[in-house]
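K.L.:
Mind folding the following:
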Amino acid sequence: HKKKTGSTSEQRKMFQEALVLHRSGQLDLAETKYKKLLDFLPNNIDLLTNLGTIALQKGMLEEGVKIINSSLLINPNQSTAHNNCGNALKELKRFDEALASYDRAIELKLNDAEVYSNRGLALHELKKTDEALASYDYAISLKPDYADAYFNRGFTLHKLNRLNEALASYDRAIEFKSNYAEAYFSRGNVFRDLKELNKAIESYDRAISFKPDYADAYFNRGLRLHELNRLNEALASFNRAIELKPDIDFLLSYLIYTKMQLCIWDDFPQRLNELTKKIINNEKVAVPFPVLALIDEPEIQRKTNEIYVKNECPMINVLPKIKRYPKHSKIRIGYFSADFHNHATMHLMAELFERHDKKKFELIAFSFGPDKKDEWRQRVLLCFDQFVDVRLKSDQEISLL
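P.N.:
Model (predicted):
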């Protein structure tokens, strides 16, 4: 047994000092004091809870879960501890366990809006999107001005490609939290998918105004500027992004490609060598299209494609089994494209569509690009038996058409 060298009043004083350090962000000093007190009070719930919280704040998620669980063994009826444990498990991608923690927190405290909002994120990751949306909505019913719940709701709606609803949720989040940088950033991403690039840039600018070191906002801003052919501005955004966060996925290829387009060669060989080595090492640094112009090596191009597809197009087994159709009198062909308008792709493809033998083939167009009413759109519309706009539909909705 350890001999207690401090009186109760001294321990209380040390605990208060640790709390002050903790609340002021001096986590290491606070942790040291909490651990010293734990020698005297090994089963103290407050100490264990605070030590678990510090571990989570420091990104030591496994350690945090371990400490929180030790406090729950002493007292399993701590709603906040179950919620915190759920948050850590969610970050560790242990979503089933996270959901169980949130459900236990709700059992102990029925009307905790924060838990319902966090629970929605776990359900989202488990592909239970209807339940996730219901959980966010319940959080909002408990706390109508809950900006984070609206933000989380927007996140799930965006993933479902329900873009206008996602935009409305992000706008509500901003209404209740005017400096919500992450909501402005996500709002910009919705405008990106709606092909409203200038509005996207405006949203990224707002995000950066509230969070000047927001590297991902600089990167996405650069991508939209690049799409608008505002290359000097795009390069400035890419440079700022890589300065703040050098390991942003796929940024390096865009930076080098933009410099090449602007004929800026100051560090081009070194950057290209860096890009090549990182691709060989399976790092997420390049997207396929720029690499076609940068590196004339088929093996490197193939490896770039493999890395990109593995990370950006993962297998998702949520679609229903496709039923076998009965025989048709004609062969059905579906064409998916974002470019059914005045675009280089359509300049190459329009005649192909026109040359199909309509007695033998039934053509269906699935358009996920902008709804442009130009002469090329009008031309190709005549080629198809059906023209389906799927911009605002999820993969699952499209599969049921």
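K.L.:
Please report phi then psi for the residue nearest to Phe340 when sequence neighbours are not counted.
P.N.:
Spatial nearest neighbour of Phe340, chain neighbours left out: Ser367 (4.8 Å); criterion: Cβ to Cβ, 6 or more residues apart in numbering. Heads up, the C-betas are built off the backbone N, CA and C, glycines and all. Here is the backbone geometry of Ser367 (degrees, to the nearest 10): phi -100, psi 120.
K.L.:
bridging residues for Ser367?
P.N.:
Ser337, Asp389 (DSSP bridges).
K.L.:
What number of residues are in the vicinity of it?
P.N.:
Burial of Ser367 is recorded as 22 neighbouring residues (other Cβ atoms under 10 Å).
K.L.:
got a pLDDT number for it?
P.N.:
As predicted, Ser367 sits at a pLDDT of 92.
K.L.:
Over to Ile333?
P.N.:
pLDDT at Ile333 comes out at 93.
K.L.:
Quick check, it in contact with Ile364.
P.N.:
Yes: the pair Ile333 and Ile364 passes the contact test of Cβ atoms under 8 Å, sitting 7.2 Å apart.
K.L.:
Now do the residue nearest to Phe340 against Val388, distance only.
P.N.:
Here Ser367 is placed at a distance of 7 Å from Val388 (Cβ to Cβ, to the nearest Å).
K.L.:
Repeat that for Phe155.
P.N.:
27 Å.
K.L.:
Those two: which is more packed in?
P.N.:
Phe155 (22 against 15).
K.L.:
Could you grab the helix/strand/coil label for that one?
P.N.:
helix (DSSP: H, G, I helix; E, B strand; the rest coil).
K.L.:
Work out for me the element the closest residue to it other than its chain neighbours sits within.
P.N.:
Excluding its sequence neighbours, the residue lying closest to Phe155 (Cβ to Cβ, 6+ apart) is Ser186, at 6.7 Å. In the assignment (DSSP states H and E), Ser186 maps to helix 181-193.
K.L.:
residues near Ile331, how many?
P.N.:
11.
K.L.:
show me where the stretch 251-400 of the chain has helices.
P.N.:
251-261, 268-280, 288-294, 298-312, 344-354, 375-381, 395-399 (DSSP state H, counting those that start in this stretch).
K.L.:
any idea of the angle the longest one forms with helix 268-280?
P.N.:
Right, helix 298-312. Orientation of helix 298-312 against helix 268-280 (axes from the mean of the first three to the mean of the last three Cα atoms, to 10 degrees) gives an angle of 60 degrees.
K.L.:
Just list what helix 298-312 packs against, helices and strands only.
P.N.:
helix 268-280, helix 288-294 (3 or more Cβ pairs under 8 Å, 6 or more residues apart in numbering; DSSP states H and E).
K.L.:
residue ranges for the helices of the stretch 101-250 of the chain, please.
P.N.:
Counting by DSSP H, counting those that start in this stretch, the helices of the stretch 101-250 of the chain are 113-125, 129-142, 147-159, 163-176, 181-193, 197-210, 215-227, 231-244.
K.L.:
in the third one, what's buried?
P.N.:
Going back to what we said before, that points to helix 147-159. Neighbour-count burial for helix 147-159 flags Ala147, Asp148, Ala149, Tyr150, Phe151, Asn152, Arg153, Gly154, Phe155, Thr156, Leu157, His158 (criterion: 16 or more other Cβ atoms under 10 Å).
K.L.:
pretty sure the fourth one is in contact with Ala173, am I right?
P.N.:
I take that to be Tyr150. Yes: Tyr150 lies in contact with Ala173 (Cβ under 8 Å); the separation is 3.9 Å.
K.L.:
just to revisit the earlier point, just name the most buried of the helices of the stretch 251-400 of the chain.
P.N.:
helix 251-261 (a mean of 22; mean count of other Cβ atoms under 10 Å).
K.L.:
what does that helix contact?
P.N.:
219, 222-223, 226, 231, 234-235, 238-239, 241-242, 265, 268, 271-272, 274-275, 278, 285-287, 290-291, 293-294 (Cβ atoms under 8 Å, 6 or more residues apart in numbering).
K.L.:
re the thing from before, distance check, the residue nearest to Phe340 against Phe387.
P.N.:
7 Å.
K.L.:
between the two, what contacts are shared?
P.N.:
Phe340.
K.L.:
ok, now which ones touch the nearest residue to Phe353 once chain neighbours are set aside?
P.N.:
Once flanking residues are discounted, Phe353 sits nearest to Cys383: 3.8 Å by Cβ to Cβ, 6+ apart. Contact partners of Cys383, counting by Cβ under 8 Å, 6+ apart, are Ala350, Phe353, Glu354, His356, Leu363, Ala365.
K.L.:
Do I have it right that the second one meets Ile364?
P.N.:
No: taking contacts as Cβ under 8 Å, Phe353 lies outside contact range of Ile364: 11.2 Å.
K.L.:
any residues in contact with both of Tyr150 and Ala173?
P.N.:
Ala183.
K.L.:
Could you check how far the residue positioned nearest the centre of the chain is from Ile333?
P.N.:
In the chain, the residue lying closest to the centroid (Cα atoms, centre = their mean) is Phe155, at 7.8 Å. Per Cβ to Cβ, Phe155 is found 36 Å from Ile333.
K.L.:
same thing with Lys13?
P.N.:
Counting by Cβ to Cβ, the gap from Lys13 to Ile333 is 78 Å.
K.L.:
just checking, Ile242 touches Ile248?
P.N.:
Yes: assessed by Cβ under 8 Å, Ile242 is found in contact with Ile248 at 7.1 Å.
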